[in-house]
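Asks: Here is my input; please provide its structure:
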Amino acid sequence: MKLMIVEDDRTIATGLQYSLEQEQYEVVICYDATSAKQVIEEQYQQLELYIFDLNLPDGSGYDLCKLVKSLHDTPVIFLSAIDEEVNIVMGLDMGADDYITKPFRVRELISRMKSVMRRYQVQAPARNMITLQYITINTAEAKVYKKEQELVLTALEYRLLLIFANHPNQILSRTQLLEQIWDVAGDFVNDNTLTVYIKRLREKLEDDATDPQLIVTVRGLGYKCIVD
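Replies: Numbering: from 1, shown residues only. Here you go, the predicted model:
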């Protein structure tokens, strides 16, 4: 597996590179946003995971995450010395998959990496095109269309939609959805957050988000994606 680390602290970067290479990962290291952008644009088809420091001397991990997600839906983990809710929320809205605060143990990072990759592998459907009523999902390009108009979804919104698409007409409990979206070892397991993402997804997918026809609520049980 080939991954990229962007970290301006060379001691941290070198230590991570050594530890991950001992685990048989192929690691590409960059120390600033400028060189990272060039590598991403040249190698994004080979890179399977990105680990970005939030604060870089010439930019931020947010900018790099935007670039990655514009090219391909590849997992991104943020590193930061700042443990503030606003940074977590901003990172998630950018499409990040996890967030770990310095200092941290390498084993914890590796566990987070494996969990993120499992989620991507489990949720990858066998079909390239999935149709849900008036919604079309092109999984080969990670793009979603509503009546031929492309929708802009965050990475978490997209994976939530894929969960529903892979379980058509099945009732999924909130617990089942949370288990597939979030890292069980992470800091962001929050039932209220799921409510927010369901609301956002409906606003983008439904003609009338107050009267959903695609992702419906089954009171007391969970949600169901109606495809008939």
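Asks: Give me the buried positions along stretch 13-31.
Replies: Ala13, Leu16, Gln17, Ser19, Leu20, Tyr25, Val27, Val28, Ile29, Cys30, Tyr31 (16 or more other Cβ atoms under 10 Å). (Each C-beta comes from the backbone N, C-alpha and C, glycine too.)
Asks: Of all pairs in the residues you listed, which one is the farthest apart?
Replies: Farthest apart among these by Cβ to Cβ are Tyr25 and Tyr31. That separation is 18.5 Å.
Asks: before we move on, the earlier item: reformat the buried residues of stretch 13-31 as TSV; add distance to Asp98, secondary structure and pLDDT.
Replies: Formatted as TSV, the buried residues of stretch 13-31 follow (distance: Cβ to Cβ, whole Å; DSSP: H, G, I helix; E, B strand; the rest coil; pLDDT from 0 to 100):
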residue	distance to Asp98	secondary structure	pLDDT
Ala13	19	helix	92
Leu16	15	helix	92
Gln17	19	helix	93
Ser19	18	helix	92
Leu20	16	helix	92
Tyr25	16	coil	91
Val27	18	strand	94
Val28	19	strand	95
Ile29	20	strand	96
Cys30	20	strand	96
Tyr31	22	coil	96
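Asks: Dump these into a markdown table; add distance to Leu49 as well.
Replies: As requested, the buried residues of stretch 13-31 are exported to a markdown table (distance: Cβ to Cβ, whole Å):
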| residue | distance to Leu49 |
| --- | --- |
| Ala13 | 15 |
| Leu16 | 12 |
| Gln17 | 14 |
| Ser19 | 15 |
| Leu20 | 10 |
| Tyr25 | 9 |
| Val27 | 10 |
| Val28 | 11 |
| Ile29 | 14 |
| Cys30 | 14 |
| Tyr31 | 18 |
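Asks: Let me know the closest of those residues to Gln180.
Replies: Using Cβ to Cβ, the buried residues of stretch 13-31 come closest to Gln180 at Tyr25, 24.5 Å.
Asks: Hmm, Met4 and that closest one touching each other?
Replies: No. Judged on Cβ atoms under 8 Å, Tyr25 makes no contact with Met4 at a distance of 10.6 Å.
Asks: how about the helices of the protein, start to end?
Replies: 10-22, 33-43, 61-71, 85-93, 106-123, 155-165, 174-181, 191-205 (DSSP state H).
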